[in-house]
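[1] one predicted model, sequence on top.
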Amino acid sequence: MTIDDRNTRAGAGDENILIRVEDLEKRFGDLVALSQINIDIHRGEVVVIIGPSGSGKSTFLRTLNMLEDPTAGAVYFNGVNLADLSVNINVHRQKMGMVFQHFNLFPHMTILKNLTAAPIALLKKSRVEAEEDAMRLLVRVGLAEKAQEYPAMLSGGQKQRVAIVRALAMNPDVMLFDEPTSALDPEMVGEVLEVMRDLAREGMTMVIVTHEMGFAREVGSRIVFMDEGQIVEEAVPEVFFTTPRRDRTAQFLRKIL
Amino acid sequence: MEAFWDTLQNAWGTLQNSFERVFIVDDRWTLLARGLGLTLFITLLAALLGLALGFLIAIVRSTHDKVTGLKPAPRAALNILNGIAKLYLTVIRGTPVVVQLMIIYFVVFGAVNISKVVVAVIAFGINSGAYVAEIVRSGIMSIERGQMEAGRSLGFSYAQTMVRIILPQAFKNVLPSLGNEIIVLLKETSVSGYIALEDLAKGGDIIRSITYMAFMPLIVVALIYLTVVVFLSHLVTRLERRLRASDH
């Protein structure tokens, strides 16, 4: 580790903190999408982010791995400030799996290739090893027999399960979920949530943007409520859903529950 | 009836006669054979040069338009490259290829002793590159943003995502247009005669001027071009079908 690297570790205090967000701000021109975001995400935690549409939930999630560049503030991941342009973001993204609303599988690759491309190219795994790991992951989500097919052949739920294991194939420290069930037909939501529930049970650190309140309540270790680009309230699920402290939270909950 | 047969026989005789004068005497058919060889050679190399140039320009242009959050130095470099690319596209697409060919031969390489074939390859390659660039750029732009994001989120660099994920899909989408561009290129090389290259079209023209017979040499030249074009279209269709394996 170079001296520069050590200087960027200023945000690391508690070894248990995987991601620390400090005074994060994101503007699109004049529009303030996020402001004054401060949050620590600990290892093994399942943080569920909820809020009305346009509240900045997805934008916030996407700033965690710099798919959106923050306009100000810092995101420390394993102690390194990812918002610093001199940091090699590609290395850190390998440790942050991301699952998208629209799956974003690579349509020109078989399912197996979707899972092995990054581990072979970036983790320098041999093809055999990467394929064995990929098959193990596919078995786990019940899709081993789809290994040689192309994404176009799969249902939405199957695609999303593949997208999850594609991210897992990189052995990430954290999984970011951006409304993973919003583009699914209702009957396929369950199979995807089941996979996520398993992951949470195994102790994976997860940050989830979702509208599935039942799931949030069941799996979340902390609920974060966002509105108008800010974190309005955060609490453990039992407290959050039963006795919200802020009016805006209560209003939101009345509307959706 | 008799008269009809006589006319037919006469016509056949004339045809045989002119065929002999046009192709057999002095082995004139070799003008067309060598011409075809040269036409194919120039087309092939110019197409490769055009594809390479076109992909490069397309990547510069789409990177410039799409990528944000760069440090000042790479951003400045990208702006300059993009400016050059735009100038190239404007000039090349705004002037006739035959004028470009002559400028490159008589002006750019005017004082240099250089093979005319090389000049033709360079001229047609540079010309084709401009059209390929816009085709490929439209292909890159047609790929959903999510594909780039998915690649980047796995840890691939921008360049790796481009090469492994975006370009293969873009290439597949624009393959019909690229095939068409190569067919256009093949036909455009027929102006090579302007720098005294004896390509297929020039070969037919030479025979015409020697024999004072226009019909047969020119029609045969046209038929040869047509045959090559039909064959190329067939190849493109087959390649398309193979690449479509992933979207049954």
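    Good, I have the coordinates.
[2] use CA for all of it now, contacts and neighbours both
    Noted.
[3] can you report phi and psi for the residue nearest to B:Leu48 when sequence neighbours are not counted?
    Spatial nearest neighbour of B:Leu48, excluding adjacent residues (CA to CA, 6 or more residues apart in numbering or on different chains): B:Gly125 at 7.4 Å. Phi and psi for B:Gly125, reported as degrees, to the nearest 10, are phi -70, psi -50.
[4] distance from the chain centre to the helix or strand hosting B:Arg238, please.
    Here B:Arg238 sits within helix B:215-243, counting by DSSP states H and E. Here the centre of helix B:215-243 is set off from its chain's centre by 13 Å, with CA atoms, centre = their mean, to the nearest Å.
[5] if you count neighbours, what's buried in that helix?
    Residues of helix B:215-243 classed as buried: B:216-218, B:221, B:224-225, B:228-229, B:232-233, B:236, B:240, B:243 (neighbour count, 16 or more other CA atoms under 10 Å in any protein chain shown).
[6] that helix packs against which elements?
    helix B:167-188, helix B:200-211 (3 or more CA pairs under 8 Å, 6 or more residues apart in numbering or on different chains; DSSP states H and E).
[7] pull up the residues of the stretch 1-150 of chain A that are close to chain B.
    By CA under 8 Å from any CA of the partner chain, the part of the stretch 1-150 of chain A that sits against chain B consists of A:65, A:67, A:69, A:85, A:89-94, A:96-98, A:100, A:102, A:104-110, A:118, A:122, A:150.
[8] which among those count as buried?
    A:65, A:67, A:69, A:89-90, A:92-94, A:96-98, A:100, A:102, A:104-110, A:118, A:122, A:150.
[9] what about these, which are in strands?
    A:Met96, A:Gly97, A:Met98 (DSSP state E).
[10] possible to save the residues you listed as JSON lines with distance to B:Val60 and pLDDT?
    Below are those laid out as JSON lines (distance: CA to CA, whole Å; pLDDT from 0 to 100):
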{"residue": "A:Met96", "distance to B:Val60": "29", "pLDDT": "97"}
{"residue": "A:Gly97", "distance to B:Val60": "29", "pLDDT": "97"}
{"residue": "A:Met98", "distance to B:Val60": "28", "pLDDT": "98"}
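[11] quick one: low-confidence ranges for chain A?
    A:1-14 (pLDDT under 70).
[12] go again using 80 as the cut-off
    A:1-15, A:257 (pLDDT under 80).
[13] show me where it has helices.
    A:3-7, A:57-64, A:89-93, A:111-122, A:127-140, A:156-168, A:186-201, A:213-219, A:237-242, A:247-256 (DSSP state H).
[14] how far does the third one sit from the chain's center?
    So that's helix A:89-93. 15 Å.
[15] now for it, which elements pack on it?
    helix B:145-154.
[16] for the helix it packs on, packing partners?
    helix A:89-93, strand A:96-99, helix B:158-161.
[17] what's the longest one in contact with?
    The list of residues contacting helix A:89-93 from outside it, by CA atoms under 8 Å, 6 or more residues apart in numbering or on different chains, reads A:Asn65, A:Met66, A:Phe77, A:Leu82, B:Arg152, B:Ser153, B:Leu154, B:Gly155, B:Phe156, B:Ser157.
[18] count the neighbours of the fifth one for me.
    I take that to be B:Arg152. B:Arg152: 24 surrounding residues under other CA atoms under 10 Å in any protein chain shown.
[19] do you know the pLDDT at it?
    On pLDDT, B:Arg152 comes in at 97.
[20] show the contacting residues for it.
    A:Asn90, A:Arg93, B:Tyr158, B:Thr161.
[21] brilliant, that's me finished.
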